[in-house]
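Asks: just to be clear, the model below is a prediction. Sequence and coordinates:
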Amino acid sequence: MMMSTTDLLDTDSVNDTELLYLNERPIWGPQLLNLEMMVQLKNKAISIIESMNETGGVIIVPFNDHAERSTLMFLNSLLGRLLFLNYTLSSQHFLGFPYLVLPKPTTQIWHIHHAPRFQNLQMMIENWIQKGRVAILSGLDHSFCNEKITVSFKVLSGFDQKDDSFDQELHTAITSVLDDIRDKPILSHTHHFICLCDAWGVPLPFELAARLVNFDPDPFSSIIEQASQDELLFWVERNKPPELLISSVSEYFSKQYLKQLAQSKPITINDYTPIFDCIDCTQQEDRYVALKLIQSWLENSKMRYEISNNAFSLVQIREWLMLKWNFFKSLILAGNAVEHLIWCQCLVKCGLYEKSHHILESALSKDPDNKYLNQYNAHLLSVWSRVDPDKNIAAHQAFAKATRICNTNPCLWQSRGIFEASSHNIKDAIISFDKALKIDPLNIHTLIARANMNLERFHLDSVEEDLNKADHIDNHNLYLLHLKGRLAFYQGQWQEADQIWKSMLIINKQHVYALQSLGNMARERGHFESAQTYLNTALQQNPDNVAVCLEMAVLKRKWGEFLKKQNKSVNTLFDESMDLCKRAEQIEPTPQVIVALSALHRIMGYPQIAIDKLKKLLHVYPNNFQARHLSGLCFEDLNERKNMYKELKIILNQDKKSYQFRIFAYYSMAYHAIKQNESEKALQYTIEVDRILRKINIPVHKKVNIFIEKYHILKMLNKHHDASLIQKEIKMLDRDNVFVSALSE
């Protein structure tokens, strides 16, 4: 028999041993949510569900980043009450990953945790909801802003409020609490392992914690209960894995504890070895801990560097996974398809593409038509092809299979379009983007991806058309703002680009794309100190970001080159650039990283080392014209004129579409001709460049760089009048450019 809403409004009817309270002790997360607040929210949710019994509908439960644990406790309490009221439930929130199975026909309520992560959510809801059926969607509040829910829905808010005094009170209590813990060796040992996990938002299962401290579960429970009475820990019973969790008072508490430990000795991966050694691969709860720890490490590189400097880096995690691969392989294969997918994501982030592919192949051998496995296989191969071009064909085939199995997923077609564009298959990319937009014309991310492709081709009309469409959908989308900034930058509208990217930092002051773009623009225009400030901030937010690391390395090198030309001290700029290049190479040795490292070897006076690196790269990537151009310059440094011309002519003969390297190949030949007193030949090369420039439109900052090279060549040829005209044209394009100002000195 179902209880009425009136009955539920009576707080006396709530059993204190329910999930909200345990042994008369409140369970709370990073903010205080008292029993009364919980009951009010729960009653409100049940009232909404009862009102939807006739029509069906959706309840959206948004929460902020700091409240997920509290929200999960509330949701488990709500689901427990719904079971008590004889509702048939289906809960899809294991690991919050987009791997959905439609609920059984008898199901009345379908709970999806972290709902916007699930692909085709709207389509699945519309296909599933019938009379009297309700879906509960829970997730981070900002992730719902673009979610188009057209069925009947209600928003259950209340988790987005934060008690401002809470963090301060907790911070004040930490010192005395830690002193109490140190006085109790058993509790100190227990609390140490709990905090090691809980700082990453990964609570320990009760049984695993007992194994860690070598206690049987029964006597161990009394220790935990004593700690809870001292307000050091709490433990929670849950129906979903893990069944029984032990946690510190909050993640905030645990992070502070970890940082205090790190002050005396850096936290390393070895601190976590006992936890992994105690994990039972046959237990889902234990596998959950292992997976969530690795996943959280990879997603929180800033915290890893804060607690250990470089002793807990992505490279160390990768080496540690390889060292213990037999254990992790058995752990992964013991799991289900959901776990396989998330493990593959983690392995890809570590650069372990082959291991990830092996896991996927094993999973696909059991379920060859699983659309999620096939989609991720295509993504994996597309990422892998960045460092191994032999995987390019396999990626094409994987995308073809994935889109054949599921041809109605706009995100998949969008991913295929991005891959085709990166492979310079523009025709196929356009087809893929068109198919994605035919399925979902309001998919803002597809519009942005297509606009990005056209911006790289400098097809500005197409770019502006897609940006205008995206603007009508969500003009505050950060990816949209970022691309608008890049468009302004490419058009030479420096102040507008600066304003747009800084507006992104108002929305999210830690946005790495915005910081990286501001740094890149400043570096291109010679504002080295500003560029360094932006890029330092970006690296602090994500120390393992290869693109930012590489951008900083190039900045240091260009800065050093500029000072060297002015006969000024370069200090340690080249050494710092070398360290950054090697750091990027360790994380992901992409062709761009190898070229940057080779360019640095050349400028430091080691052209042969650069040639050796470039030779290996060109063997794998023969059409990498940036590498080939640099190789030509290195041969020139060694006075190997024949080899220099050989490299540059390969560019001129093959690179018909890419103007940039053709232009700089001609200019390199012009410089060499001047050294050989072949002025007429050098002038002819500059005329060839002029012919190319008349045929194409190019970004303003690249045009400035090209004109600066032309200015230097004309000056060397004693064409002072022509050089003066070019100088005036450059100043009109970018008057505040430091490189332009240096031309007058």
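Replies: Yes, it's here. Residues are numbered from 1 along each chain as shown.
Asks: can you get me a residue count around Leu89?
Replies: 16 (other CB atoms under 10 Å). C-betas here are computed from N, CA, C, even on glycine.
Asks: how about it, nearest residue that isn't a chain neighbour?
Replies: Nearest residue to Leu89, sequence neighbours excluded (CB to CB, 6 or more residues apart in numbering): Ile109, at 5.2 Å.
Asks: same question for Gly560.
Replies: Leu573 (3.7 Å).
Asks: need the contact list for that neighbour.
Replies: Lys556, Arg557, Trp559, Gly560, Leu563 (CB atoms under 8 Å, 6 or more residues apart in numbering).
Asks: quick one: the second one and Phe574 touch, right?
Replies: Yes. Taking contact to mean CB atoms under 8 Å, the distance of 6.8 Å between Arg557 and Phe574 places them in contact.
Asks: ok, these two, which is more surrounded?
Replies: Arg557 (25 against 20).
Asks: nearest residue to that one other than its sequence neighbours?
Replies: Per CB to CB, 6+ apart, closest to Arg557 is Ser577, 4.5 Å.
Asks: give me the neighbour count for Phe193.
Replies: So Phe193, with other CB under 10 Å, has 20 neighbours.
Asks: separation between it and Leu204?
Replies: Distance, Phe193 to Leu204, using CB to CB, to the nearest Å: 7 Å.
Asks: again with His672
Replies: 66 Å.
Asks: go on, Asn443?
Replies: For Asn443, the distance to Leu204 - CB to CB - is 40 Å.
Asks: ok, now Thr403?
Replies: 41 Å.
Asks: joint contacts of Arg557 and Phe574?
Replies: Leu600, Ile603.
Asks: what is the burial count for the residue nearest to Arg557?
Replies: Count around Ser577 with other CB under 10 Å applied: 26.
Asks: likewise Lys710?
Replies: Neighbours of Lys710 (other CB under 10 Å): 23.
Asks: quick check, it in a strand?
Replies: No. Counting by DSSP: H, G, I helix; E, B strand; the rest coil, Lys710 is not found in a strand; it is helix.
Asks: mind listing what the nearest residue to it once chain neighbours are set aside touches?
Replies: Excluding its sequence neighbours, the residue lying closest to Lys710 (CB to CB, 6+ apart) is Ile726, at 5.7 Å. When contacts are counted by CB under 8 Å, 6+ apart, Ile726 touches Phe707, Lys710, Tyr711, Leu714.
Asks: buried ones in the helix or strand hosting Leu618?
Replies: According to DSSP states H and E, Leu618 maps onto helix 607-620. Buried residues in helix 607-620, counting neighbours by 16 or more other CB atoms under 10 Å, are found at Pro607, Ile609, Ala610, Ile611, Lys613, Leu614, Leu617, Leu618.
Asks: tell me how far it lies from the chain's centre.
Replies: Mean-position distance between helix 607-620 and its chain equals 31 Å (CA atoms, centre = their mean, to the nearest Å).
Asks: stretch 535-552 too?
Replies: Distance of stretch 535-552 from the chain centroid (CA atoms, centre = their mean) equals 12 Å.
Asks: check stretch 586-599 too.
Replies: 20 Å.
Asks: other residues contacting it?
Replies: Residues contacting stretch 586-599 (CB under 8 Å, 6+ apart): 314-315, 351, 386-387, 544, 546, 549-550, 553-554, 557, 578, 581-582, 584-585, 609-611, 613-614, 617, 621, 624, 626-627, 630, 634.
Asks: 6 Å instead, please
Replies: 314-315, 351, 386-387, 544, 546, 550, 553-554, 581, 584-585, 610, 613-614, 617, 621, 624, 626-627, 630 (CB atoms under 6 Å, 6 or more residues apart in numbering).
Asks: report the mean per-residue pLDDT for it.
Replies: The average pLDDT within stretch 586-599 is 93.
Asks: then stretch 557-566?
Replies: 93.
Asks: buried stuff in it?
Replies: For stretch 557-566, by 16+ other CB under 10 Å, it's Arg557, Lys558, Trp559, Gly560, Phe562.
Asks: thinking again about what came up before, which of Thr403 and Leu204 has more neighbours?
Replies: Remark: of Thr403 and Leu204, Leu204 carries more neighbours, 29 against 21, as counted by other CB under 10 Å.
Asks: what's the neighbour count on the residue lying closest to His701 once chain neighbours are set aside?
Replies: Spatial nearest neighbour of His701, excluding adjacent residues (CB to CB, 6+ apart): Glu524 at 4.8 Å. As a burial measure, Glu524 scores 21 neighbours (other CB under 10 Å).
Asks: from Tyr490, how far off is Glu524?
Replies: 11 Å.
Asks: now render the contacts of Ile726 as a markdown table, adding pLDDT.
Replies: Shown next, in a markdown table, are the contacts of Ile726 (pLDDT from 0 to 100):
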| residue | pLDDT |
| --- | --- |
| Phe707 | 94 |
| Lys710 | 94 |
| Tyr711 | 94 |
| Leu714 | 94 |
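Asks: chain center to the strand or helix carrying Gln40, what's the gap?
Replies: If you go by DSSP H and E, Gln40 is part of helix 35-51. Helix 35-51 sits 36 Å away from the centroid of its parent chain (CA atoms, centre = their mean).
Asks: name the helices or strands packed onto that helix?
Replies: helix 5-8, helix 68-84 (3 or more CB pairs under 6 Å, 6 or more residues apart in numbering; DSSP states H and E).
Asks: lowest average confidence across those helices, which one?
Replies: Among the helices and strands packed on helix 35-51, helix 5-8 scores lowest, at a mean of 25.
Asks: centre-most residue in the chain?
Replies: In the chain, the residue lying closest to the centroid (CA atoms, centre = their mean) is Glu299, at 7.6 Å.
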